[in-house]
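Visitor: fold the following and give me the result.
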Amino acid sequence: MSRAQKSLRLAAAVAAVLLLLSTATVFAEEPSDERALFDSLLKALEERSRKDFLRNANANFASAITRQAFNQMADFFAPRLQTGFEIEYLGSLDKPGAKVHLWKIVYEDGGDDTLAKLVKRNGEIAGLGLE
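Guide: Residues are numbered from 1 along each chain as shown. You can find the predicted model right below:
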């Protein structure tokens, strides 16, 4: 192998390593406080505890989650959560006056995954979307 070919191979290897290192920083680091909060919401759904579900909610979110609305959510999600699941943090979005955290929930029952969006405003839960 010629010197030029060796240099080219080395340059390609260095470029590949740099590319891998740069893409590794693209993946979002999950904030532990938000993960603990999200875990508590899922546990409250699984245990069908509206009181625990609304523990960190702001007034608007708490008033929107009526007992009937909570029971409908719990009826749908509790059985799936009880079979087991894994959570993958997808990242966050900055919105005017709020931060939105995104997770993917993969259930062990093999059914469809859920996209979860937790909205925090002034340190309180301002919304939770489960799609």
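
Visitor: what about stretch 46-64, how long is it end to end?
Guide: 20 Å (C-alpha to C-alpha, to the nearest Å).

Visitor: before we move on, what about stretch 60-76?
Guide: With C-alpha to C-alpha, one end of stretch 60-76 sits 23 Å from the other.

Visitor: average pLDDT for it, rounded please.
Guide: For stretch 60-76, the per-residue pLDDT values average out at 97.

Visitor: in that stretch, what's buried?
Guide: Of the residues in stretch 60-76, 61, 62, 65, 70, 73, 74 count as buried by neighbour count, 16 or more other C-beta atoms under 10 Å. All C-beta spots, glycine's among them, are computed from the backbone N, C-alpha and C.

Visitor: list of residues touching it?
Guide: 45, 48, 50, 53, 54, 57, 124, 125, 126, 127, 128, 130 (C-beta atoms under 8 Å, 6 or more residues apart in numbering).

Visitor: among those, which ones are in helices?
Guide: Using DSSP state H, the subset of the contacts of stretch 60-76 located in helices is 45, 50, 53.

Visitor: and which of those is nearest to residue 106?
Guide: residue 45 (16.1 Å; C-beta to C-beta).

Visitor: now the residue most central in space within the chain: phi and psi?
Guide: By C-alpha atoms, centre = their mean, the chain has its centre lying nearest to residue 103, at 1.8 Å. Main-chain dihedrals, residue 103, degrees, to the nearest 10: phi -130, psi 150.

Visitor: so in the chain, where's the weakest helix or strand by average pLDDT?
Guide: Within the chain, no helix or strand scores below helix 3-24, which has a mean of 45 by mean pLDDT, DSSP states H and E.

Visitor: let me know the secondary structure of residue 81.
Guide: helix (DSSP: H, G, I helix; E, B strand; the rest coil).

Visitor: what's the answer for residue 38, then?
Guide: Assignment for residue 38 (three-state DSSP): helix.

Visitor: three-state assignment of the closest residue to the residue nearest to the centre of the chain other than its chain neighbours?
Guide: What sits nearest to residue 103 in space, not counting adjacent residues and going by C-beta to C-beta, 6 or more residues apart in numbering, is residue 116, at 4.5 Å. Three-state assignment for residue 116 (three-state DSSP): strand.

Visitor: with that, I have no additional questions.
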